[in-house]
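*Asks:* with the sequence up front, the predicted model follows.
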Amino acid sequence: MRPVVLVSYPDPFAAEEAKSLVESADRSIAGMFTQKYLNHSRYGVGSGKAEEIKEFVKESKAEQIVVDEHLTSRQIYNLEKLAGVQVIDRERLILDIFYSRATSTEAKLQIELAEIEYEMPRVRENAKLTSGGERAGKGGMGEYVVDVRFRDLKRRMSFIKEKLKNAQRKRELYHQQRVRIGTPVVSLVGYTSSGKTTLFNLLTGEHKQTSSNLFTTLSTTTRSLRIHNEHEVLLTDTVGFISRLPTYMIDAFKSTLEESLAADLILLLIDVSEGLREIRIKYTACRSVLEELKADRSKVLVVFTKYDSLANPEETTRQIAEDLGIPNPVAISSKSGYGISKLRTMIGQHQYVISASK
C-alpha cells in the first residue's frame, strides 16, 4: 500500500471518515495532521502546519499528501513544491475510489463525467502554474494549448452526456414496461457502508460483494423478490451517499439515482451501531441528497440496520428514533435475521407497493 500523510479536521467524525476514504483507496496512513480550517489561501493548511507536514514527509518517506477538503490548483502546486511529494484533495481521492470500483460501462462514463467536471476549472490555472504565470504557449495553427485542452474536455463531456442520455432512455423504456406489467420497485438507499448490499443479498439470495470499505457498490443492481409468496417486487441496490459530496459528483450519478428514487418504495438504511452524533450526521447527509434529487418523502421508509450489535437494542433504537424524529422505523439485523420477516411484510403491505401491483 502507498504510504500517505492525511490532513483532516479535528472533528472525530470527519477524521474517521477521511481515514476510511484513504483505506478504501488502498493507501496506508503514515501520519495524520488535523487543523480547524483547511481553506488557507497558500497551502490550504496554515504555513506553520505545512512546514510540520514537510518535515514529517522527509522523516516518514510518505509518497503522497491527502487533504480532506477541496483544494485549488494553486494550493496543490504550492504544497507539492514545499513538501516534494504529490498532493491530492478529498475530491480527487473519491474519484480514485470510484475508478477502482466501477464495473459497468455506465458507471465508468459517470465517473469520467465527474472527472471532467473536476478538471475543467483547473485547466487554465494549471497552465499558468506550469508556464510561470504566463499564458501557456501556442501549439499548431496558432492556438493556445490551454484552449485546445479546454475544447477537448468540452467535446468529451458532450459525447459522454449523449451516451448517458441513451442509457437513460433505455431505463425509461424498462420503467414503462415495468409499469405496464405492474411489478413494484423497491430501492435500497443510504450512507455508504450502511448495510444495503448485505440486506440485498439476504433478501434476493444474491452474492454481491460486501465490504467495510466505502463505495463497494457503484452500479445499481435489480433482482426480483417474492414477498411471502404473494407479491413479486423488484429490489434495487444503489450507490451509497457520503457527506460533503460535491454537487457535480451527485449530478454525474443523477440519472442512475433518479431512476432508483422513482421506485414505489424507498428503504433508507441507517446503521445504528455507531454513536448518536455520527448517525445524525449521516442521516442528515442522506436526507440532503434525497431532497436534492426531489425524492417523494412519503415513499421513504427508514430501516435501522445492525440491530444485533447494540447492547441495549430496544432503548437505543427508541432514543435514535426520537432524536431523528422518525415515528415508526423498522429495526433489522441482516446478520442474525432479526426483523427481516417484519420488513418483508411491511414491504408487501405498503400502500405504494400495493397500488403499483394492481
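*Replies:* Yep, that arrived. Residues are numbered from 1 along each chain as shown.

*Asks:* what segments of the stretch 151-300 of the chain are strands?
*Replies:* Under the criterion DSSP state E, counting those that start in this stretch, the stretch 151-300 of the chain contains strands at 185-190, 221-227, 231-237, 265-271, 300-305.

*Asks:* now these as a markdown table including mean neighbour count and distance to residue 293?
*Replies:* Placement of C-beta: from N, CA and C, glycine included. Converted to a markdown table, the strands of the stretch 151-300 of the chain look like this (neighbours: other Cβ atoms under 10 Å; distance: least, Cβ to Cβ, whole Å):
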| stretch | mean neighbour count | distance to residue 293 |
| --- | --- | --- |
| strand 185-190 | 25 | 10 |
| strand 221-227 | 16 | 18 |
| strand 231-237 | 21 | 14 |
| strand 265-271 | 23 | 11 |
| strand 300-305 | 22 | 12 |
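
*Asks:* and the helices in the stretch 151-300 of the chain, which stretches?
*Replies:* Assigned by DSSP state H, counting those that start in this stretch, the stretch 151-300 of the chain shows helices spanning 196-204, 247-252, 254-261, 276-292.

*Asks:* can you put those in JSON lines and add distance to residue 93?
*Replies:* JSON lines is the format used below for the helices of the stretch 151-300 of the chain (distance: least, Cβ to Cβ, whole Å):
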{"stretch": "helix 196-204", "distance to residue 93": "22"}
{"stretch": "helix 247-252", "distance to residue 93": "12"}
{"stretch": "helix 254-261", "distance to residue 93": "21"}
{"stretch": "helix 276-292", "distance to residue 93": "17"}
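
*Asks:* which of the ones you listed has the lowest average pLDDT?
*Replies:* Note on the helices of the stretch 151-300 of the chain: lowest mean pLDDT is at helix 254-261, with a mean of 71.

*Asks:* other SSEs contacting the host helix or strand of residue 123?
*Replies:* Using DSSP states H and E, residue 123 sits in helix 105-130. Judged by 3 or more Cβ pairs under 8 Å, 6 or more residues apart in numbering; DSSP states H and E, helix 105-130 is in contact with helix 73-83, helix 90-101, helix 145-181, helix 247-252, helix 254-261.

*Asks:* what's around residue 154, how many residues?
*Replies:* Neighbour count of residue 154, defined by other Cβ atoms under 10 Å: 12.

*Asks:* what about the residue nearest to it when sequence neighbours are not counted, distance to residue 71?
*Replies:* The shortest distance from residue 154 to any non-neighbouring residue, by Cβ to Cβ, 6 or more residues apart in numbering, is to residue 120 (7.8 Å). According to Cβ to Cβ, to the nearest Å, residue 120 and residue 71 sit 16 Å apart.

*Asks:* who has more neighbours out of those two?
*Replies:* Shown here are residue 120 and residue 71; by other Cβ under 10 Å, residue 71 has more neighbours (23 against 15).

*Asks:* how about that one, what does it touch?
*Replies:* Residues near residue 71 by Cβ atoms under 8 Å, 6 or more residues apart in numbering: 44, 79, 87, 89.

*Asks:* can I see the domain layout of this protein?
*Replies:* Annotated domains of the chain cover 2-97, 103-181, 182-356 [automatic domain parsing].

*Asks:* lowest-confidence stretch among these?
*Replies:* For those, where the average pLDDT is lowest is domain 103-181, sitting at a mean of 78.

*Asks:* chain center to that one, what's the gap?
*Replies:* Relative to its chain's centre, domain 103-181 lies at 20 Å (Cα atoms, centre = their mean, to the nearest Å).

*Asks:* can we start the residue count at 228 from this point?
*Replies:* Sure thing, new numbering starts at 228, so read that last one as domain 330-408.

*Asks:* span of that domain from start to end?
*Replies:* Domain 330-408 has an end-to-end distance of 29 Å (Cα to Cα, to the nearest Å).

*Asks:* so which of the helices and strands packed on helix 332-357 is nearest residue 517?
*Replies:* helix 481-488 (7.1 Å; Cβ to Cβ).

*Asks:* as JSON lines, the strands of the stretch 378-527 of the chain with distance to residue 514 would be great.
*Replies:* JSON lines is the format used below for these (distance: least, Cβ to Cβ, whole Å):
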{"stretch": "strand 412-417", "distance to residue 514": "11"}
{"stretch": "strand 448-454", "distance to residue 514": "24"}
{"stretch": "strand 458-464", "distance to residue 514": "19"}
{"stretch": "strand 492-498", "distance to residue 514": "8"}
{"stretch": "strand 527-532", "distance to residue 514": "9"}
